[in-house]
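# I'd like to go over a predicted model; first the sequence, then the structure.
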There are 2 protein chains.
Amino acid sequence: VPPLRTAGVIAVGSELLTPTRVDTDSLYITERLAEHGIAVRFKLVVGDVREDLRRAVKQALARVDLVILTGGLGPTDDDLTREAVSDALRRPLHEDPASVERLEARFARRGLTMPAINRRQAMVLDGADVIPNAFGSAPGQWVEQGERVVVLLPGPPRELEPMFDALARERLATRAAGTRRFTRVVRVAGNTESHAEERAKPLYEHWRREHRQLEVTTLAAPGSIDFHVTAIAPNAAEGAAILAHAVGELRSVFGADAYSDNDEAMEEVVGQLLREHGSTIAVAESCTGGLLASRLTDVPGSSAYLERGIVAYSNAAKTELLGVPADLVAQHGAVSEPVASEMASGVKRLAGTTIGVGITGIAGPDGGTPAKPVGTVAIAIEGPWGTRVRTRVFPGARDQVKFSATQAALDDLRRALMEVLEEIKEKE
Amino acid sequence: VPPLRTAGVIAVGSELLTPTRVDTDSLYITERLAEHGIAVRFKLVVGDVREDLRRAVKQALARVDLVILTGGLGPTDDDLTREAVSDALRRPLHEDPASVERLEARFARRGLTMPAINRRQAMVLDGADVIPNAFGSAPGQWVEQGERVVVLLPGPPRELEPMFDALARERLATRAAGTRRFTRVVRVAGNTESHAEERAKPLYEHWRREHRQLEVTTLAAPGSIDFHVTAIAPNAAEGAAILAHAVGELRSVFGADAYSDNDEAMEEVVGQLLREHGSTIAVAESCTGGLLASRLTDVPGSSAYLERGIVAYSNAAKTELLGVPADLVAQHGAVSEPVASEMASGVKRLAGTTIGVGITGIAGPDGGTPAKPVGTVAIAIEGPWGTRVRTRVFPGARDQVKFSATQAALDDLRRALMEVLEEIKEKE
């Protein structure tokens, strides 16, 4: 029997087609399948409509080796997965005595008589293997159709997950392709998505020429381009080796722009560098309104380096709390590099830390001018490297400008800390 | 032209077939479509594989009136939605000069030259109408194929949502069918989900007895239970009337616990109350690390009331910046009601505002003790009502504790502000 290489997941239930419900079973299934070298080619959500379901199963079987259906195994009239699969495979259903017994026992344990309606849940496709359900009433089914497989599982995660785990251990392991998929994520700052892609392209071509078993997907987030690098390998050790090599090559393309290859957020990377330095930090924020301090404190143990944060939203607060001269604000405007620098040095001096950050800008939607449009943000970082200050214009709505500004501030910090670390190493 | 009654949503992107990413665009789309009487019959996620995508579009067009594709409109090689739809509809692509111009202008505004790769985003299907994208580079497309319609939209929600709204107003409204669905959300604080459900149950029964065309879905978020109330009605005016009545009844069940019936976040509701009062506010945070200030400043125009925020992460900062007596910290511990109260009154006094907030707690994962476990947070609010202080224990991981604590602080503020407003009204 050939291995199972591709899968499709069909989530059944009209409630999953409403604005408030999302199918999450498929995430769990996708992860388990990847570990066994089975790639999910599509995910589909269909309502409780027998003909829609029948067609979905037929089309899926034409495209993938393994079709997994979740949901629609309940006892009521609108639970139609069993019937639809029976239609699609042209296999009749029969009542499975062992399942009837388990169902009756389940009700009996709770002091109840099984309602007649629940007998439907014991209907099994001819030739199917029954997968017992330890946490609910609907049994699952495993049906081999030629070289392909159809699996029926209940929708509730607490029922589905243990059943799928057992399935993966006992059946998928023996039908797995031998090649498995392993992924690492390389995160890059300071590049637009298209610039990052252009820089990575020669490497992709190099990999293609060398026939390396690698796939890359790029995801753009504000202030971060994430390269998901997947290696196809027969086992975990080989996968890790292929990935280590590829990740190293990708990092060397991006140099200091690559800030993580280990699924860390920017604030974790910065926190790690601050720890390595034995540095302490204080931040003074205007337009970001506390978001930089909040991101820094999202990292467990950040109290080791973050001493304080000042949200100086009013000009008075900038003068009183940070010692920014009022005439400097009057001369250059609150959103200016001199004010950002004074904020950074003020908070550093008052907190007695080794590093100070100052951010001032226009988050919008109001307050922009032709000279300083919405999104204009000046960021200053003061530390052993002296003072560095830079003005950028971030696109997007208020929350994006806020986030992008904190991301840029963290990235500025990261680069400065890395340079200082390198200098120290060179001197040693 | 017959009305559009059924739709299918196809989310494009191999990253949506990984264990970490879920398509949420379809939830937004489903809700908007329901308002126009268009039912979503299926949702499909496919990877960046041209042939898979082509087939998906063809099969979808055979089943539903309206096919909406999200994602795959980026500039890179794996963005294949344009090409796949071109294959499926047998319509060639051409470069749209107006789109090229908009793309170049977008890069120029950020002081950049458009990379050659981005020209792909200006490729448009013959006969398609271009939907401009105000928040990103990929334009959308509306293509009529006989009586059916195919729509291409970018994946990022901040780009998709305003584009889809414009589309719904301008085009779907004229192609919509008879009965439509209208939803409003009532948000409730200070209740667990099951408690909230129990309180709402008699109302549901009342509605059933009266045969009202209403449906309710409950969604639990940290610090908020959201009731999505949907009315089925032939037009917007009737829908609004049915909803207004139902929302009023639901609000009267929950009294002051109901904080919004208009899709506002807690920080928006509090911001509105602060404006109504002409109040100003300053906040002093420890465990929430700036998140409260950041949420307050997420609201445009918040500089009218937020004067400053202090993140006093170290005990020294609490004493220096907020005047919390060091012996008070020594006596009661940094996480205590006396310290929270001193933080609130200190920041209020120093900032010269009418209201002060103090938050101190243990966000975890470390730092808990048997007497003060992880999640313990003391919140004090000082204002015209005097000082109110309360200790709660929030469940969950570090970020959940942080969020729940800010939600509780905002809710405390909201209730205090409402009481004061009522007293003023009574006196008048």
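All right, it came through fine.

# is it true that residue A:198 lies in a helix?
Yes. Assessed with DSSP: H, G, I helix; E, B strand; the rest coil, residue A:198 lies in a helix.

# What pLDDT does the model give the closest residue to residue A:256 other than its chain neighbours?
Distances taken as C-beta to C-beta, 6 or more residues apart in numbering or on different chains place residue A:415 nearest to residue A:256, at 5.9 Å, with adjacent residues excluded. Just so you know, the C-beta spots here come from the backbone N, C-alpha and C atoms, and that holds for glycine as well. The model reports residue A:415 with a pLDDT of 97.

# mind checking how far residue A:415 is from chain B?
20 Å (C-beta to the nearest C-beta, to the nearest Å).

# what do you get for residue A:170?
Taking C-beta to the nearest C-beta, one finds residue A:170 at 21 Å from chain B.

# With residue A:51 instead?
Residue A:51 is 10 Å from chain B, by C-beta to the nearest C-beta.

# Run the angle between the helix or strand hosting that residue and helix B:50-63 for me.
Taking DSSP states H and E as the definition, one finds residue A:51 inside helix A:50-63. Here helix A:50-63 runs at an angle of 160 degrees relative to helix B:50-63 (axes from the mean of the first three to the mean of the last three C-alpha atoms, to 10 degrees).

# Pull out the CA atoms of helix A:50-63 and give them to me as CSV.
Output in CSV follows, covering the C-alpha atoms of helix A:50-63 (Å, rounded to 0.1, in the frame of the first residue of the first chain):
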residue,chain,number,x,y,z
ARG,A,50,-26.2,16.3,2.6
GLU,A,51,-25.6,17.0,-1.1
ASP,A,52,-22.9,19.7,-0.4
LEU,A,53,-21.2,17.2,1.9
ARG,A,54,-21.4,14.3,-0.6
ARG,A,55,-19.9,16.4,-3.3
ALA,A,56,-17.1,17.8,-1.0
VAL,A,57,-16.1,14.2,-0.1
LYS,A,58,-16.0,13.1,-3.7
GLN,A,59,-14.0,16.0,-4.9
ALA,A,60,-11.6,15.7,-1.9
LEU,A,61,-11.0,12.0,-2.7
ALA,A,62,-10.0,12.9,-6.3
ARG,A,63,-7.3,15.3,-5.0
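
# buried ones in it?
A:52-57, A:59-61 (16 or more other C-beta atoms under 10 Å in any protein chain shown).

# Using CSV, lay out those residues together with distance to residue A:98 and pLDDT.
Supplementary listing: those in CSV, determined by distance: C-beta to C-beta, whole Å; pLDDT from 0 to 100:
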residue, distance to residue A:98, pLDDT
A:52, 31, 94
A:53, 26, 96
A:54, 27, 97
A:55, 31, 96
A:56, 29, 96
A:57, 25, 97
A:59, 32, 95
A:60, 28, 96
A:61, 27, 95
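
# Next, the residue positioned nearest the centre of chain A: secondary structure please.
Chain A has residue A:263 as the residue nearest its centroid, 9.1 Å off, counting by C-alpha atoms, centre = their mean. Of the three states, residue A:263 takes coil according to three-state DSSP.

# Tell me how far it lies from residue A:2.
34 Å (C-beta to C-beta, to the nearest Å).

# Residue A:342 now?
Residue A:342 is 70 Å from residue A:2, by C-beta to C-beta.

# for residue A:85, same thing?
From residue A:85 to residue A:2 the distance is 22 Å (C-beta to C-beta).

# got it, and residue A:87?
26 Å.

# Residue A:322: neighbour count?
24 (other C-beta atoms under 10 Å in any protein chain shown).

# just residue A:22 next, same as before
Going by other C-beta under 10 Å, the residues that sit close to residue A:22 add up to 17.

# tell me the pLDDT at the residue nearest to it when sequence neighbours are not counted?
Nearest non-adjacent residue to residue A:22, counting by C-beta to C-beta, 6+ apart: residue B:22, 6.0 Å away. With respect to pLDDT, residue B:22 has a value of 85.
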